[in-house]
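Engineer: just a sequence and a predicted model for now, questions to come.
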Amino acid sequence: MSNQNSFTFVLSESQQQALIDLLRGGNYKPVAVEYTRIAAEGDGFRVSLYKSGKCLIQGSGASDFVSFAMEPLVLQEVRLGYEAVVDPDSFSPHIGVDESGKGDFFGPLVIAAVYVDTPLVKVFRELGVKDSKNITSDTKARQLAKAIRDRVGDRYTVISVGPRKYNELYHKMRNVNSLLAWGHARAIENVLEKVPDCPRALSDQFGGKHLIERALLQRGKTIKLEQRHKAESDMAVAAASILARDRFLGAMADLSTQYGFKIPKGASALVKDAAIRLIQEKGPAVLLEAVKCHFKTTDEVLATAGTTRAVLGPDGAAGASAFSRFKPRKS
């Protein structure tokens, strides 16, 4: 039996109704929890069904409730404790790769790769490792990153491509997917130095896997590469996403210290305001050192400052037409 004490499920309307009937008809104590359709407590656990359809089950008795009530009566499928049977590949030795900062105007592109095997997957599950985009607290993400590093030893790598280098590479490649493939390949190669017999690597789907295969050097030519949508559900990829986010958050804090005011994440109006302020204080060339210049935002903030990207030279030459080929994903 798993000793995990927190579970989250997204339920369909019929599953929500089945859970409501279960909690109302069983020996459970109703409790008031804001924004829920129903909430109740049992022996050592609490169940909260939110209006969004998300169900949160927490407490020392949570795994028993999931195994003996939630799975057979609500989900009508067995998940807990059978992951290695249902998805054996997720427990087999492999490298997971993911990135952070791709959709952020300021800061670096960070790519991380992490090796896992069966013991590490089990440890990561106990730690609560999941896709960093589903971790709302930066503090929690950074704590998890430290825990991952402590457990995985040296079988990981984090590559940070700062804005200056990013702009140089983009000027040469003119394609974000090619740049990502280059970074993924370097990350895989770095981990293979530590675990040369690792048979495969997994990443999210961002372009043809041939892009990564072409970028791999001799050490990585024999590894099996896989890409799939929502690869962050895999423990290795999820761990990599957390390590990448941790490094990105650290880099953003360093930028804020360097420039003397808060540098925001993302590509919002606040980000534009920060870029305009930076231009006013340091001059337009500072963008080469602080932002990813192929974003359309570059044209917008330079126009507000009364100039164009021509002042940035060749590394800032990618304009809105180049941006239109890239749809940034939130990191």
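Structural biologist: Received it, and whenever you're ready, just let me know what you need.
Engineer: only C-alpha atoms from now on, for both contacts and neighbour counts.
Structural biologist: Will do.
Engineer: element containing E300, please.
Structural biologist: Secondary structure here is read from DSSP states H and E; on that basis E300 sits in helix 296-304.
Engineer: show me what that helix is packed up against.
Structural biologist: Contact partners of helix 296-304 among helices and strands, from 3 or more C-alpha pairs under 8 Å, 6 or more residues apart in numbering; DSSP states H and E: helix 269-282, helix 320-323.
Engineer: so how far is that helix off the chain centroid?
Structural biologist: Here the centre of mass of C-alpha atoms in helix 296-304, compared against the chain's by C-alpha atoms, centre = their mean, to the nearest Å, lies 28 Å away.
Engineer: and that helix, average pLDDT?
Structural biologist: Rounded to a whole number, the mean pLDDT of helix 296-304 is 93.
Engineer: just the buried positions in that helix, please.
Structural biologist: For helix 296-304, the neighbour count (16 or more other C-alpha atoms under 10 Å) marks 296-302 as buried.
Engineer: now swap in stretch 201-208 and tell me
Structural biologist: When neighbours are counted by 16+ other C-alpha under 10 Å, the buried residues of stretch 201-208 are found to be 201-204.
Engineer: what about the stretch 51-200 of the chain, any weak spots by pLDDT?
Structural biologist: Applying pLDDT under 70 to the stretch 51-200 of the chain flags the ranges 77-88.
Engineer: now do the helices in it.
Structural biologist: 62-65, 83-86, 118-127, 138-152, 163-173, 176-194 (DSSP state H, counting those that start in this stretch).
Engineer: would TSV of these with mean neighbour count and distance to G250 be doable?
Structural biologist: Converted to TSV, the helices of the stretch 51-200 of the chain look like this (neighbours: other C-alpha atoms under 10 Å; distance: least, C-alpha to C-alpha, whole Å):
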stretch	mean neighbour count	distance to G250
helix 62-65	22	35
helix 83-86	12	34
helix 118-127	16	22
helix 138-152	16	9
helix 163-173	19	14
helix 176-194	22	19
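Engineer: tabulate those (CSV), appending distance to A269.
Structural biologist: Rendered in CSV, the data for the helices of the stretch 51-200 of the chain read as follows (distance: least, C-alpha to C-alpha, whole Å):
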stretch, distance to A269
helix 62-65, 42
helix 83-86, 43
helix 118-127, 36
helix 138-152, 21
helix 163-173, 20
helix 176-194, 23
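Engineer: what's the closest of those to Y259?
Structural biologist: Each of these was checked against Y259 via C-alpha to C-alpha, and the shortest separation belongs to helix 163-173, namely 14.5 Å.
Engineer: now the angle from that closest one to helix 176-194?
Structural biologist: Put simply, helix 163-173 runs at 110 degrees to helix 176-194, going by axes from the mean of the first three to the mean of the last three C-alpha atoms, to 10 degrees.
Engineer: contact partners for D246?
Structural biologist: 141-142, 145 (C-alpha atoms under 8 Å, 6 or more residues apart in numbering).
Engineer: repeat that for L270.
Structural biologist: Neighbour list for L270: P264 [criterion: C-alpha under 8 Å, 6+ apart].
Engineer: show me the domain layout of this protein.
Structural biologist: Using automatic domain parsing, the domains assigned to the chain come out as 6-81, 88-252, 260-323.
Engineer: most tightly surrounded among those domains?
Structural biologist: Per residue and on average, the most neighbours among the domains of the chain fall to domain 88-252, with a mean of 20 (mean count of other C-alpha atoms under 10 Å).
Engineer: so how far is A62 from A145?
Structural biologist: Separation of A145 from A62 (C-alpha to C-alpha, to the nearest Å) stands at 25 Å.
Engineer: now do Q76
Structural biologist: Plainly put, Q76 is 17 Å away from A62 if you go by C-alpha to C-alpha.
Engineer: the closest residue to F124 other than its chain neighbours and P93, how far apart?
Structural biologist: The shortest distance from F124 to any non-neighbouring residue, by C-alpha to C-alpha, 6 or more residues apart in numbering, is to M235 (6.9 Å). With distances taken as C-alpha to C-alpha, M235 is found 11 Å from P93.
Engineer: identify the contacts common to those two.
Structural biologist: Taking C-alpha under 8 Å, 6+ apart as the contact definition, M235 and P93 share the neighbouring residues V116.
Engineer: ok, back up a step: redo the buried residues of stretch 201-208 as JSON lines? Include distance to Q227 and pLDDT.
Structural biologist: Compiled in JSON lines, the buried residues of stretch 201-208 are given as follows (distance: C-alpha to C-alpha, whole Å; pLDDT from 0 to 100):
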{"residue": "A201", "distance to Q227": "9", "pLDDT": "94"}
{"residue": "L202", "distance to Q227": "6", "pLDDT": "93"}
{"residue": "S203", "distance to Q227": "5", "pLDDT": "91"}
{"residue": "D204", "distance to Q227": "5", "pLDDT": "87"}
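Engineer: just the ones of those in strands?
Structural biologist: Using DSSP state E, 201-204 are the members of the buried residues of stretch 201-208 that sit in strands.
Engineer: ok, back up a step: of the buried residues of helix 296-304, closest to A274?
Structural biologist: For A274, the closest of these turns out to be V301, at 9.5 Å, with distances computed as C-alpha to C-alpha.
Engineer: my guess is the closest one contacts K272, does it?
Structural biologist: Yes: taking C-alpha atoms under 8 Å as the contact criterion, V301 and K272 are neighbours in contact, 6.3 Å apart.
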